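>>> Give the three-dimensional model of this entry:
(4 chains)
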There are 4 protein chains.
Amino acid sequence: MPHNIAILGASGYTGAELVRLIATHPSFEIKALSGDRKAGQPMSSVYPHLRHMELPDLQRIEDIDFSGIDLAFCALPHATSQAVIATLPADLKVVDLSADFRLRDPEAYAKWYGKPHSAPELQETAVYGLSEFYREEIKQARLVAGTGCNAATGQFALRPLIEAGVIDLDDIVLDLKAAASGAGRSLKEHLLSSEMSENVKGYSVGGTHRHLGEFDQEFSAIAGRKVQVQLTPHLIPATRGIVMTCYLKGDADAAYGVLVKAYADEPFVQVLPMGEMPQMKDVRASNFCHIGVAADRVPGRVTVIAVLDNLTKGSSGQAIQNANLMLGEDETVGLMAAPVYP
Amino acid sequence: MPHNIAILGASGYTGAELVRLIATHPSFEIKALSGDRKAGQPMSSVYPHLRHMELPDLQRIEDIDFSGIDLAFCALPHATSQAVIATLPADLKVVDLSADFRLRDPEAYAKWYGKPHSAPELQETAVYGLSEFYREEIKQARLVAGTGCNAATGQFALRPLIEAGVIDLDDIVLDLKAAASGAGRSLKEHLLSSEMSENVKGYSVGGTHRHLGEFDQEFSAIAGRKVQVQLTPHLIPATRGIVMTCYLKGDADAAYGVLVKAYADEPFVQVLPMGEMPQMKDVRASNFCHIGVAADRVPGRVTVIAVLDNLTKGSSGQAIQNANLMLGEDETVGLMAAPVYP
Amino acid sequence: MPHNIAILGASGYTGAELVRLIATHPSFEIKALSGDRKAGQPMSSVYPHLRHMELPDLQRIEDIDFSGIDLAFCALPHATSQAVIATLPADLKVVDLSADFRLRDPEAYAKWYGKPHSAPELQETAVYGLSEFYREEIKQARLVAGTGCNAATGQFALRPLIEAGVIDLDDIVLDLKAAASGAGRSLKEHLLSSEMSENVKGYSVGGTHRHLGEFDQEFSAIAGRKVQVQLTPHLIPATRGIVMTCYLKGDADAAYGVLVKAYADEPFVQVLPMGEMPQMKDVRASNFCHIGVAADRVPGRVTVIAVLDNLTKGSSGQAIQNANLMLGEDETVGLMAAPVYP
Amino acid sequence: MPHNIAILGASGYTGAELVRLIATHPSFEIKALSGDRKAGQPMSSVYPHLRHMELPDLQRIEDIDFSGIDLAFCALPHATSQAVIATLPADLKVVDLSADFRLRDPEAYAKWYGKPHSAPELQETAVYGLSEFYREEIKQARLVAGTGCNAATGQFALRPLIEAGVIDLDDIVLDLKAAASGAGRSLKEHLLSSEMSENVKGYSVGGTHRHLGEFDQEFSAIAGRKVQVQLTPHLIPATRGIVMTCYLKGDADAAYGVLVKAYADEPFVQVLPMGEMPQMKDVRASNFCHIGVAADRVPGRVTVIAVLDNLTKGSSGQAIQNANLMLGEDETVGLMAAPVYP
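Next comes the predicted model:
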């Protein structure tokens, strides 16, 4: 039985990625696409790579007839998303890809995003969309908030370790390398090809990156105490992909054992043999996450590296994984395509 | 009913691409993988991006049990391929991705490849694997010779025009831009990242590129007279993709009409609106070919640009399309994944 | 004796390239830098790579004291340039890097740039700044109009051949590959890293690229008759560099001889051994132009490829070469730095 | 007075970079170039970008007449270098770019490089070539050992901080991002463009990178006690450049003050305004090093990032800086070219 799908905000990269993945999803059917500034245009004029697909034209959200729609993906900008979702039919299932519903605490939201939440009653009901760890809640949810792409990468590396108590919670250092598409299709000088090529730059230094709000929330909840990681993101000259290098204190073998056990039955998370490190390109355009562990020469130190594709497992693939759960499908449907290499 | 598949030469890029595409093919099952120098190793040690798949280990070709195998893809180096295929069971269907069986004329083969063919009797029986133009022969074939990736791109642009007689056959200029993976995973200095980045270089200049043998064969056959194109290939700083820019003499509207009509029912070939030009990235990692046509300001001149992904439509995707035809499947099975963008 | 220099429009790429080159020029001293939107800022806040230099802050053009300035480089946008230059002191030498004064014929200007020239009396006096061919005029000029980067590349390949009469003037096909910095530091979607990476796209197809106006003017003047080339530009995934592939009819050996002779004494133009083709990276960040020639297998056809760096020889390096001539310096001063490789 | 220079191992990237830099050095004259496998060839056949220079042909080291040579740069592979230098005239000044003479302790050498040193008597006399910190010793030295490119980057960030005692010596975490040219022009699969593009990979994990030997030696010497840093290198998809992100415990303002003071008079080391982070591209192809400092939200934590170009400041530029010192020239001669941006 096909499920009728709407994608709100289809003209951004995560919107286009949703369409790409749904193109081979056997039971999802795209019934509506919104794109306010491009309303009236065919999707192929915004994304010619989708030219072969039969897709509805882009329209304004207020012109969409949501009767008959089973689930809407919201790939709208932050802040816009909460305003739009508040207007959607109450029985419409929603997977939000923005940052709007990730933080459960209204004060934390206000702190990281600079203003109060405009739909706090919805915020309360949203389920955090890291499928592997919130599976049962997601199945029952009406509104699922997609995990931030960087936050997802760090959590795949660290959640089991924090839960098992095998690392020092007061000394977690994360070095993030993030490709450009994480910043979307936005016209910013530093995202120009001539600026990005042959370049690497630290940004949001000093602990100001918003995904830290998610780390704080999730890690503290697991640990049962306040946990604050030190994180420096770097923009790297690539289009898709995230590498999270975690510098930890603890026993490497214990950490490795915990991760292997945690992900033994997970279809999308692969723990590499001990001492092997993943490469970003090995998960390109796929829903997989690869994790590697190595002991350091400095006793009691361990390095864990996790990689995933920010647009797929970090965003649109994760969103479809959650939609599968919400609609009673097998979690992996439409998501088993192998990474594109080279 | 699943078809049992062997991939000979699975450790190269086209081999890995075959595995990637078959990962989501509903009726192909990989039963054997060969890789002589890597025999005994799991595929995931050669290509960690395939780690999540259950695949047979790499083995030597002579150790493969071909009983029960329905079709073998040969992704072996040129010259090796003809020697190996000559030893395969006579009832085993074979799709060859090398250059060994593309040229029907033994003299042409000897001229372009520098030595006589070692299996001329097989050469006679091979069907040229440009699916859109040899569909019926391929359905009946035992041995199909995959079209060269550059040769395929040029033929998609030009075959209908030559057949319709709308361009000057004596003045066809082709400027080719080809990404690095077309040269395979081979250790050559000019393929190093430090050499390729920020670089473009003409190569095989003066009409010495081997794919010219295919153009000569095919275009002359269609035209019923000798046709020789002028071609200069350029290596561009990208991993996947081919852009063939064709400078032609003829009427642009007539040429456009011919191409639109020729590909109206083809699932994989998309002709863009008149005057729009395709971009290489719009077909990335997919089996699609995009073609654009524009009139030039110089009267009587027309420019046609065709793009495809050398590893997919130019090689492994095309091979699966042919295998589908040979095994009685729908031609598009397993090949409708949308291009990866951005 | 140092020459006092002003750079108008220093916040763009060609402005920054002028500063970079002048940093090691022994007799040029930068006395003023303009950047209207950035007025008041230090250059290092716009271009941190120039942090080590002592430079005047950016200011508005109307705030610059031009007394004591010997020469101004105008690196302003097209159209702005003609308005600004019309207001500069009449005895101030000017090298304009924009397109505003390249076309001598007011009608040609209006045709290619879409509106009448606002300073036609200046247009008449401007000297075309292709140093190697207008050397004597440039020495005497007050206003020199820098050649377009693509137009320069094509002219280095073709001017001697047209003058010598060794190629067919009615069949000149040019395939242009141009890196992103040619489009400047402008916020356009197609210039984003995520769009450019792994991409190649034809643009301004059909003979609509404005540099064709320069080709028409110059080639027709040399030939003494109307010459119209067929040109298709392509944007390639690189930051600096231009490759012009010229498909010509004529005798390859004759063409080669003409080019060797024409550039025998030119310090910046290198003709490679017959049959060798230049690569774009070999002139990176330098003032050199490399040219290669090969005969094609099709009798009577010859391929010529010319490469240069659009920001250096194609723009700011060329501008300094012209300024050297105008100020009585040796033409090569400050310009002999070797290309950056790899 | 010109100094006569020989470059041994001119066919590698650091050799080519030496030639590039010497091209505009007013008092260095290249008298001999060695390249064993390419002996007899002109340099322009190995590096066509140097085509415009008049250079001696490549020859075998044993064929070089060292009388009249003032200084030799050794850009030979590790291990080869010590064997060759042992055979050079005792009065010939030598700047070695290999790793052979960086470690003063023979046991440390044997540990990190896997075998005993073959010229231990030379090893004793070598001066460590980090110009800014060994200036006086270098002026008197006969043999200077160039600092490793990664080791140099880390030392610029950390030496003053360790010396001033403002950071916790037991908790230094370094995350290294290194571009491909650091691995030279060597034919390795992971250095192919198709493998590197869109990829990031951790390597030499667990504290096995050889440049750790230099950190151990230098930092322990400064601190007067054993210091062991934790380091994970990552290969990034770029050609030139190193980014060293240092996660430290200490007071950020104190650290910033120390660095500003340490480098106040250094021409090549630029400390950015507090809280600003350097980008790799801002030092491209130059001899500059940029350093940024930021306090973290976690109290008592500070992040320091240093960037430089591995081939210039990290290797050949540094070597010329040392040669200037050894030959009585001003340290900055030939090295003040501005970075190439974009």
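>>> Whether stretch A:9-17 contacts chain D - can you check?
No - for stretch A:9-17 and chain D, the contact criterion (C-beta under 8 Å from any C-beta of the partner chain) is not met; the two come no nearer than 15.0 Å. For every residue, glycine as well, the C-beta is placed using N, CA and C.
>>> Report the distance from the helix or strand where A:I30 lies to the chain centre.
Using DSSP states H and E, A:I30 maps to strand A:28-34. Per C-alpha atoms, centre = their mean, to the nearest Å, the displacement of strand A:28-34 from the mean C-alpha position of its chain is 21 Å.
>>> Give the buried residues for that strand.
Within strand A:28-34, the residues that count as buried by 16 or more other C-beta atoms under 10 Å in any protein chain shown are A:F28, A:I30, A:K31, A:A32, A:L33, A:S34.
>>> could you dump the residues you listed to CSV with distance to chain C?
CSV is the format used below for these (distance: C-beta to the nearest C-beta, whole Å):
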residue, distance to chain C
A:F28, 25
A:I30, 23
A:K31, 27
A:A32, 24
A:L33, 19
A:S34, 19
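>>> rewinding a little: the strand holding A:I30 pairs with which strands?
strand A:3-8 (parallel), strand A:58-59 (parallel) (DSSP bridges).
>>> Spit out the contact partners of the closest residue to A:M336 other than its chain neighbours.
Nearest residue to A:M336 in three dimensions, chain neighbours excluded: B:T24, at 6.3 Å (C-beta to C-beta, 6 or more residues apart in numbering or on different chains). With contacts defined as C-beta atoms under 8 Å, 6 or more residues apart in numbering or on different chains, B:T24 is in contact with A:T24, A:M336, A:A337, A:A338, B:G334, B:A337.
>>> nearest to chain C, of those residues?
For the contacts of B:T24, the closest approach to chain C (C-beta to the nearest C-beta) belongs to B:A337, at 17.0 Å.
>>> Now that closest one: closest residue in space that isn't a chain neighbour?
That would be A:T24: by C-beta to C-beta, 6+ apart, it lies 5.3 Å from B:A337.
>>> Confirm for me that A:L259 is in contact with A:V271.
Yes - using C-beta atoms under 8 Å, A:L259 makes contact with A:V271 at a distance of 5.0 Å.
>>> Spit out the residues that contact those two alike.
A:I291, A:V293.
>>> Report the next helix or strand after the longest helix belonging to chain A in sequence order.
Secondary structure of chain A per DSSP state H: the longest helix is helix A:149-164. Next helix or strand after helix A:149-164 toward the C-terminus (DSSP H and E): strand A:173-178.
>>> tell me the angle of that following strand relative to strand D:173-178?
20 degrees (axes from the mean of the first three to the mean of the last three C-alpha atoms, to 10 degrees).
>>> Would you give the sheet partners of strand A:173-178, along with the direction of each?
Checking strand A:173-178 against DSSP bridges gives partners strand A:230-235 (parallel), strand A:242-249 (antiparallel).
>>> what's near enough to touch A:A338?
Here A:A338 is in contact with A:S286, B:V19, B:R20, B:A23, B:T24, B:H49, B:L50, B:H52, B:M53 (criterion: C-beta under 8 Å, 6+ apart).
>>> Tabulate these (CSV), appending secondary structure and pLDDT.
Listed next are the contacts of A:A338 as CSV, based on DSSP: H, G, I helix; E, B strand; the rest coil; pLDDT from 0 to 100:
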residue, secondary structure, pLDDT
A:S286, coil, 98
B:V19, helix, 98
B:R20, helix, 98
B:A23, coil, 93
B:T24, coil, 94
B:H49, helix, 98
B:L50, helix, 98
B:H52, coil, 97
B:M53, coil, 97
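>>> Just flag the most distant two among the residues you listed.
Using C-beta to C-beta, the contacts of A:A338 reach their maximum pairwise distance at B:T24 and B:H49, which is 14.2 Å.
>>> Any idea how many residues pack against the closest residue to chain D within the stretch 101-250 of chain A?
Of all residues in the stretch 101-250 of chain A, the one sitting closest to chain D is A:G207 (2.9 Å; C-beta to the nearest C-beta). When neighbours are counted by other C-beta atoms under 10 Å in any protein chain shown, A:G207 registers 18.
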